[in-house]
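# Structure of the sequence below:
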Amino acid sequence: MPTLHVSSLARLHETVASVGASHVVTLINVNTVVERPAGIPPERHLFIGMSDITAPLDGHVLPDEAHVQRFLSFIRDWDRAAPMVFHCWAGISRSTAAVYIATCALRPQRDEDEIALALRSASPSATPNARLVSIADQILGRSGRMTTAIERIGRGADAFEGTPFRIDLD
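Numbering: from 1, shown residues only. Take a look at the predicted model:
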């Protein structure tokens, strides 16, 4: 069964090793140095430089449609033979938005609320970046249902760093 995993930057290498991941998605500020985990070739590591913001802010990169399109292209090319790991700085906002978006994109028949509830169950601290979810909602033609489902689960529990977790695609 294909699995998606989320971690913080601090726990990236141990998460990739422990789950046997073949692909990694990094969603982090532009100038953050991220060492690619052992065993992950460059073509299986997507680095998307963006800030964890939902509105323009001087000195920051606002997530946009091009970021989401690159992300969707990458996950759709994944062969699903081994897990994929998503991470951001804390494993709370950008990466949880990414795992939610990936699940909606790769399993279009699954209900948005069901996926959001599975996310909340797997991660009490998950607070998906609303802008990323909204952009993906439009691109995937989900008619606002993704955005509404994430609004329904609300802000996650306060945490400095999220605990790594997994979401099953099936």
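# Can you pull up the most central residue in the chain?
Note on the chain: the residue nearest the mean C-alpha position is residue 98, at 2.1 Å, using CA atoms, centre = their mean.
# State the helix or strand in which that residue lies.
For residue 98, the host element (DSSP states H and E) is helix 94-106.
# And residue 157, by the same measure?
Using DSSP H and E, residue 157 sits within no helix or strand.
# the strands in this protein, which residues?
For the chain, the strands defined by DSSP state E occupy 3-8, 23-28, 45-49, 84-88, 165-168.
# hey, which of these is tucked in deepest?
With neighbours defined as mean count of other CB atoms under 10 Å, the strands of the chain peak in mean count at strand 84-88, which reaches a mean of 28. Where you see a C-beta, it was placed from the backbone N, CA and C, and this is true even at glycine.
# Which elements pack onto that strand?
strand 3-8, helix 12-19, strand 23-28, helix 94-106 (3 or more CB pairs under 8 Å, 6 or more residues apart in numbering; DSSP states H and E).
# Check which helices and strands the second one is in contact with.
Think helix 12-19. Checking 3+ CB pairs under 8 Å, 6+ apart, helix 12-19 ends up next to strand 3-8, strand 84-88.
# which neighbours does the last one have in its sheet, and in what orientation?
Based on DSSP bridges, the pairing partners of strand 84-88 within the sheet are strand 3-8 (parallel), strand 23-28 (parallel).
# Output those as CSV; include the columns mean pLDDT and distance to residue 35.
CSV is the format used below for the strands paired with strand 84-88 (pLDDT from 0 to 100; distance: least, CB to CB, whole Å):
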stretch, mean pLDDT, distance to residue 35
strand 3-8, 98, 14
strand 23-28, 98, 10
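# Residue 132 is nearest to which of the ones you listed?
Nearest to residue 132 among those is strand 23-28 (8.1 Å), distances taken as CB to CB.
# any idea how far the closest one is from the chain center?
Centroid separation for strand 23-28 versus its chain: 8 Å, with CA atoms, centre = their mean, to the nearest Å.
# Touching that strand from outside, list them.
By CB atoms under 8 Å, 6 or more residues apart in numbering, the surrounding residues in contact with strand 23-28 are 9, 12, 16, 34, 36-37, 40, 44-50, 71, 74-75, 78, 82-89, 94-95, 97-98.
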